[in-house]
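K.L.:
just the structure for this:
(one chain, ligands or ions: 1)
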Amino acid sequence: MKTEVKICGLKTAEAVDKAVALGASHAGFIFFPRSPRNIEPDDAGRLADRIRGKAKIVAVTVDADNDDLDEIVSALSPDMLQLHGNESPDRVLTVKAVYGLPVIKALSIRDADDLRRIEPYIGIADRFLLDAKPPKGSDLPGGNGVSFDWRLLDMLDESVDYMLSGGLNADNIGEALAVTGAKAVDTSSGVESAPGVKDLNRMEEFFKAVARAETDIIARDGALAGRSK
Ligand SMILES: O=C(O)c1ccccc1N[C@@H]1O[C@H](COP(=O)(O)O)[C@@H](O)[C@H]1O
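P.N.:
Sure, this is the predicted structure:
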């Protein structure tokens, strides 16, 4: 099956168009003033109009209140909301009820206990985004370009629908997919030339690396199946 790829932190028409041309399943816009990827809701709405229906439009927010969400949802008309802060399961339920949109709940992972924090959101969040814990001193809850130990995902129930995130780039996505078998991945700083500046060549390299990994995994699984006959 084709891996879903979310390109996050889009800010320009060139990057948005390229993401879709390369086959991105999701296009993420960041609404967090401290981020170098922050975008005004109206600007994001204009960019999203270029690709509506071709990729899912995702609004990424951090502990946003309803006033902020009202403005973002009305300007962007997203397909999904990504809640990347400390939103509780109750808050996720409220957001879903108020806006009638599916929610991706982001969780930051460093160890097995962090992964267990998924449990209260099961049946509430529509999808999870598993990102690394921000490094000490970071101002950002995401977009830090750091990965977590992917082998931790061995303990995750297979029914949990998640996107793998955190420090993914063309150099490590092959190993990340081989280790986790993730069906969906998310990248931001790994396809940038500077914070907040998407690099079209790096985006292309990322998609090529995903395609190579898919071929390698099919070959690996075929060989394993052959051996067990
Ligand atoms: O990217 C940001 O600046 C950001 C700000 C606030 C919340 C989330 C943010 N980014 C999310 O983090 C992932 C992982 O980023 P990276 O690939 O490690 O750079 C990113 O895709 C966004 O979903």
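
K.L.:
looking at this, Ser193 is in a strand?
P.N.:
Yes. In this structure, Ser193 lies within a strand as judged by DSSP: H, G, I helix; E, B strand; the rest coil.

K.L.:
now do the nearest residue to it once chain neighbours are set aside, the pLDDT please.
P.N.:
Of all residues beyond its chain neighbours, the one nearest Ser193 is Asp199 (4.0 Å), with distances taken as CB to CB, 6 or more residues apart in numbering. To be clear about C-beta, it is placed using only N, CA and C from the backbone, and glycine gets the same treatment. The pLDDT attached to Asp199 in the predicted structure is 98.

K.L.:
wait, Asp199 touches Val191, no?
P.N.:
Yes. With contact defined as CB atoms under 8 Å, Asp199 and Val191 form a contacting pair (6.1 Å).

K.L.:
before we move on, back to that, mind listing what the residue nearest to Ser193 touches?
P.N.:
Contacts here follow CB atoms under 8 Å, 6 or more residues apart in numbering; on that basis Asp199 touches 191-193.

K.L.:
redo those residues as CSV? Include distance to the ligand.
P.N.:
Output for the contacts of Asp199, formatted as CSV (distance: CB to the nearest ligand atom, whole Å):
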residue, distance to the ligand
Val191, 8
Glu192, 8
Ser193, 13
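
K.L.:
and these, which are buried?
P.N.:
191-192 (16 or more other CB atoms under 10 Å).

K.L.:
which one of the contacts of Asp199 is nearest Ser228?
P.N.:
Within the set of these, Val191 lies nearest Ser228; the separation is 37.5 Å, counting by CB to CB.

K.L.:
ok, now how distant is the closest one from Thr215?
P.N.:
In this view, Val191 and Thr215 are 21 Å apart by CB to CB, to the nearest Å.

K.L.:
and for Ile118, the neighbour number?
P.N.:
By the other CB atoms under 10 Å criterion, the neighbourhood of Ile118 contains 18 residues.

K.L.:
now Leu129
P.N.:
The burial metric for Leu129, expressed as a neighbour count using other CB under 10 Å, is 27.

K.L.:
the helix or strand hosting it: partners in the sheet, and parallel or antiparallel?
P.N.:
Secondary-structure assignment from DSSP states H and E places Leu129 in strand 127-132. Here the strand partners of strand 127-132, with direction, are listed using DSSP bridges: strand 103-109 (parallel), strand 162-164 (parallel).

K.L.:
how far away is the residue nearest in space to the middle of the chain from Lys11?
P.N.:
For the chain, the residue nearest the mean C-alpha position is Asp186 (3.6 Å; CA atoms, centre = their mean). In this structure, Asp186 and Lys11 are separated by 16 Å, where distance is defined by CB to CB.

K.L.:
so where is the chain shaky, pLDDT-wise?
P.N.:
Across the chain, the stretches falling below the confidence threshold (pLDDT under 70) are 229.

K.L.:
which stretches of the protein form helices?
P.N.:
In order along the chain, the chain carries the following helices (DSSP state H): 13-22, 41-49, 66-76, 89-99, 112-116, 173-180, 200-227.

K.L.:
re the thing from before, could the strands paired with strand 127-132 go into CSV alongside distance to Ala182?
P.N.:
Below are these laid out as CSV (distance: least, CB to CB, whole Å):
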stretch, distance to Ala182
strand 103-109, 13
strand 162-164, 4
